[in-house]
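> Mind folding the following:
(chains A and B)
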Amino acid sequence: MKLKLKSPVTSIVQVILGTFLSGIAVFAFSKSSFYHYFQTLVIQIFQALATLIHLTVAIQITPLMLLILILWGLYASIRGSKRFTTFLILLCVPAILSFSSYSWLELIGIPIETSLRLREILIIAGAITIGHFSFFYLNQLKENKSDLLGRGGSEDEINECHLKSNAFSFTLILLALLSATAVLAGSMLLRGTMSELTAMIPMRMFVIGIGASLMVIAAVYVLIIKWAT
Amino acid sequence: MRKYLTPLSTSFIGWFASLFLIGLLFGNMVFIYMGLIPLFLLLFGLLIDQPREVEIERGDLNKSVWTDDELEVNIKVRIMDGIGIVTLIDELPSTFELVDGNNFRMLWKGLGEKELMLSYKVKCVKRGSYTLSNVKWGSRHVLGLKKEISGTCDTEVGLTVRPRTMELRKIRGKKDIASSLFPRADMSKIGVSTTDFKEIRNYQYGDPLSKINWKATARRVGRGGFATPLVNEYEYEGKKTIWIFLDAASSLEIGTSIDNVFEYALKSADAVTRYFTDRGYRVGMYLYNDGEKLFYPDTGKKQYLKLSKELVDLKSYDRNEGLDNAVRKCRAHILRYNPLSIVITEIRSESSESLIEGIKKLSAMSGGRRRKRVPIMVVNVLSHYLNPTPPSEYKEYAISLQKIKHSPITSKLRRMGATVVEWDPQKDKFTTVLIRQGERR
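Numbers count the residues shown, from 1 in each chain, chains lettered A, B, ... in the order given. Sure thing, here's the model as predicted:
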């Protein structure tokens, strides 16, 4: 199979971004207790396949497998696959889940822990999420470029338009990240005050949770209707 | 809502909903935080609209051009609102060749109004009446969240591409009594001399002395030339009539859509029309195999423009009228004017019978029984080298076989007194062929 790059610059950006995202996703995964389950599972599988395999070698196999998985994902994403970044988000899930208030997984006997702090996991989660959307737009850019070149557009003109369009898109992505961070920071600051105010409400977790969710969904719906039309 | 939003918007809502719900279910702030990012991205994206108001105007355009002329198309674009990528498409007729620039343009519209001038050059390679249709535009949302908007601006404009006229030089035959088919060379003793100067020529026996141009003769002597007197020649009134029978059968379209026998037949008809109308002859035309279009013989530039306009828009037809029927329909005119008939066609086996029959009829109408040579010329536009297949030994054999096959028809036409001019457009100029033909007699 021959790797033919449609847009070399975009592909290079994707490789750099992908490597960075893969690194932080693997880092988050390795810091979670889920990594040990995974390692044990891999060692068992390899020992079952080849009983003579040395334990130290078997331990090295797990990061090697992760590396292979990520390299394959990176290659697939350059080729236009959109599942690579979703896979990276899934790698971060065990670490994120360890900050849950309701540990439903612990109830079924899967305790999840991480050595990372909340601030660190928030940075990783934010980076992975914006990375996911950036990756998506980079892929779309490559598709659009092929389409426009096929319709007879000039490459220089397309590149110029895409450069400006991407700069604008990434600004919006960063703005979305900053807004989400601001909302998060605001909610953390108001947490103490709010908990005092809501202490009187019976079954406040459900009432506030469901009520706030419904309000958010309604607001989003109204805004989308209004702005979309 | 689906009318305005793309599946990508739905996917953003899906990401937000999934992460938000998982966050609520697990009481996990990180998931909610992650869910807020696509939500804000969606909201910011929807808040920004793509360009909707686009004004397009065409710049000054030359509406009548000759084939192979380069035409500059200028388009003034004004985008009033929105942010995003705007594409502009100025659809061109298939026979137009893009020479410089591009008729598909793409531009980025940022904040503020944008105004710009786009231009490109095209080459019009085939004659005809064309329409440059309305310029289409399309605008894309910067994040791809809203559906692409497209529209057109009223910029339709008509354009006529005239065939480039082949300049025919004066065709001179050897001096003889009605030896040449071209009436210009005929020794016409009748007619009144006009004041339209034609040329200066050597004195010939019988020329009146009043015609001698003494100044020109003196200059010639002064240069040490031969002292034959020079005389002024003036145009005569009452020129003969030329009648063109142009074959418009679709079977003449041998070659590419631009370079084929039919196109060359039209070019030669146009050249002949121009040549004779410029010299004051009456020119009439009948387009056979094409719905019986007849143009009465007339003189002057007006007649040339009338016939030329018809030739510009002429399309080939799949009818089988034949020359014999065409001659029958033009009988009254031929008997009245006794013209020089020029048949422009390609001699082919399937239509040879009607061609021979038509020439026979024409010959009879022109007093063929009394004359060795009748005023009929058949211009045979050869298709040999118009076939787009690459040159090969087999092709040469095929051409030779075709020549052998058509040779009896040509011989028969010549025996009937008609002059057959064989023109291979890929090898010779039309004038060269006609001169060669004039010298042969």
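
> And the helices in chain A, which stretches?
A:8-30, A:34-49, A:55-78, A:83-97, A:104-107, A:118-150, A:155-197, A:204-228 (DSSP state H).

> Flag whichever of those has the least confidence on average.
Out of the helices of chain A, helix A:55-78 stands lowest, with a mean of 72 (criterion: mean pLDDT).

> Run a quick neighbour tally on the residue of the stretch 301-441 of chain B found nearest chain A.
Minimum separation of the stretch 301-441 of chain B from chain A (C-beta to the nearest C-beta) falls at B:Pro388, amounting to 24.0 Å. For glycine as for every other residue, the C-beta is placed from the backbone atoms N, C-alpha and C. When neighbours are counted by other C-beta atoms under 10 Å in any protein chain shown, B:Pro388 registers 10.

> Which pLDDT value goes with the residue of chain A found nearest chain B?
With C-beta to the nearest C-beta, the shortest gap between chain A and chain B falls at A:Ser101, namely 2.8 Å. On the pLDDT scale, A:Ser101 is placed at 80.

> Give me the distance between the nearest residue to it once chain neighbours are set aside and A:Ile121.
Nearest non-adjacent residue to A:Ser101, counting by C-beta to C-beta, 6 or more residues apart in numbering or on different chains: B:Gly27, 2.8 Å away. From B:Gly27 across to A:Ile121, the span is 15 Å (C-beta to C-beta, to the nearest Å).

> and what of A:Thr193?
From A:Thr193 over to A:Ile121 the distance is 25 Å, taken as C-beta to C-beta.

> Look at the two and report which has more neighbours.
Counted by other C-beta under 10 Å, A:Thr193 and A:Ile121 do not tie: A:Ile121 has more neighbours, with 22 against 9.

> For the closest residue to chain A within the stretch 151-300 of chain B, which residues are in contact?
In the stretch 151-300 of chain B, the residue that lies nearest chain A is B:Thr152 (16.9 Å; C-beta to the nearest C-beta). Applying C-beta atoms under 8 Å, 6 or more residues apart in numbering or on different chains, one finds that B:Thr152 lies in contact with B:134-137.

> What residues are bridge-paired with it?
B:Lys136 (DSSP bridges).

> hmm, who's touching stretch A:197-213?
B:20-21, B:24, B:27.

> Whichever of those residues end up buried, select them in PyMOL.
Buried members of those, defined by 16 or more other C-beta atoms under 10 Å in any protein chain shown, are picked up in PyMOL with:
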select buried, chain B and resi 20+24+27
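
> I'd like to know how far the closest residue to A:Ala76 other than its chain neighbours sits from B:Lys136.
Spatial nearest neighbour of A:Ala76, excluding adjacent residues (C-beta to C-beta, 6+ apart): A:Phe84 at 5.7 Å. Going from A:Phe84 to B:Lys136 by C-beta to C-beta gives 37 Å.

> Comparing the two, which residue is more hemmed in?
The neighbour comparison of A:Phe84 against B:Lys136 (other C-beta under 10 Å) goes to A:Phe84, with 23 against 17.

> quick one: contacts for that one?
Contacts of A:Phe84 (C-beta under 8 Å, 6+ apart): A:18, A:73-74, A:76-77, A:135.

> Quick check: it vs B:Tyr337, distance?
From A:Phe84 over to B:Tyr337 (counting by C-beta to C-beta), the distance is 84 Å.

> again, but for B:Gly101
From B:Gly101 to B:Tyr337 the distance is 51 Å (C-beta to C-beta).

> and if you look at B:Thr389?
Applying C-beta to C-beta to B:Thr389 and B:Tyr337 gives a distance of 43 Å.

> who has more neighbours, the two?
A side-by-side neighbour count of B:Thr389 and B:Tyr337, using other C-beta under 10 Å, places B:Tyr337 first with 17 against 8.

> Please name the nearest non-neighbouring residue to that one.
B:Thr241 (3.9 Å).

> give me the beta-bridge partners of the one you found?
Applying DSSP bridges, one finds that B:Thr241 bridges with B:Arg282.

> need the contact list for it.
B:281-284, B:297, B:337-340.

> which of those residues has the most neighbours?
These, ranked by neighbours (other C-beta under 10 Å): first place B:Val283, 28 neighbours.

> any low-confidence regions in the stretch 151-300 of chain B?
For the stretch 151-300 of chain B, the stretches flagged by pLDDT under 70 are B:168-193, B:206, B:225-226, B:235-239, B:291.

> Show me what from it comes close to chain A.
Neighbours of chain A within the stretch 151-300 of chain B, by C-beta under 8 Å from any C-beta of the partner chain: none found.

> distance between stretch B:256-272 and the chain's centre?
With C-alpha atoms, centre = their mean, to the nearest Å as the basis, stretch B:256-272 stands 8 Å off its chain's centre.

> Find the residue at the geometric middle of chain B.
By C-alpha atoms, centre = their mean, the mean C-alpha position of chain B lies nearest to B:Arg127, the distance being 1.8 Å.

> That one contacts B:Leu159, correct?
No. Contact criterion C-beta atoms under 8 Å: B:Arg127 and B:Leu159 do not qualify, at 11.4 Å.

> Dump the helix or strand containing B:Ser407 to PDB, restricted to CA.
Using DSSP states H and E, B:Ser407 falls within helix B:393-415. What follows is the C-alpha trace of helix B:393-415 in PDB, where atoms were taken according to Å, rounded to 0.1, in the frame of the first residue of the first chain:
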ATOM      1  CA  GLU B 393       0.500   2.900 -42.500                       C
ATOM      2  CA  TYR B 394      -3.000   1.500 -42.300                       C
ATOM      3  CA  LYS B 395      -4.400   5.000 -42.300                       C
ATOM      4  CA  GLU B 396      -2.500   5.800 -45.500                       C
ATOM      5  CA  TYR B 397      -3.800   2.600 -47.100                       C
ATOM      6  CA  ALA B 398      -7.300   3.500 -46.100                       C
ATOM      7  CA  ILE B 399      -6.900   7.000 -47.600                       C
ATOM      8  CA  SER B 400      -5.600   5.400 -50.800                       C
ATOM      9  CA  LEU B 401      -8.500   3.000 -51.000                       C
ATOM     10  CA  GLN B 402     -11.000   5.900 -50.400                       C
ATOM     11  CA  LYS B 403      -9.400   7.900 -53.200                       C
ATOM     12  CA  ILE B 404      -9.700   4.900 -55.600                       C
ATOM     13  CA  LYS B 405     -13.300   4.400 -54.500                       C
ATOM     14  CA  HIS B 406     -14.200   8.000 -55.200                       C
ATOM     15  CA  SER B 407     -12.100   8.500 -58.300                       C
ATOM     16  CA  PRO B 408     -14.800   7.200 -60.800                       C
ATOM     17  CA  ILE B 409     -17.300   9.600 -59.300                       C
ATOM     18  CA  THR B 410     -14.900  12.600 -59.800                       C
ATOM     19  CA  SER B 411     -14.000  11.400 -63.300                       C
ATOM     20  CA  LYS B 412     -17.700  11.200 -64.200                       C
ATOM     21  CA  LEU B 413     -18.400  14.700 -62.900                       C
ATOM     22  CA  ARG B 414     -15.400  16.000 -64.900                       C
ATOM     23  CA  ARG B 415     -16.700  14.200 -68.000                       C
END
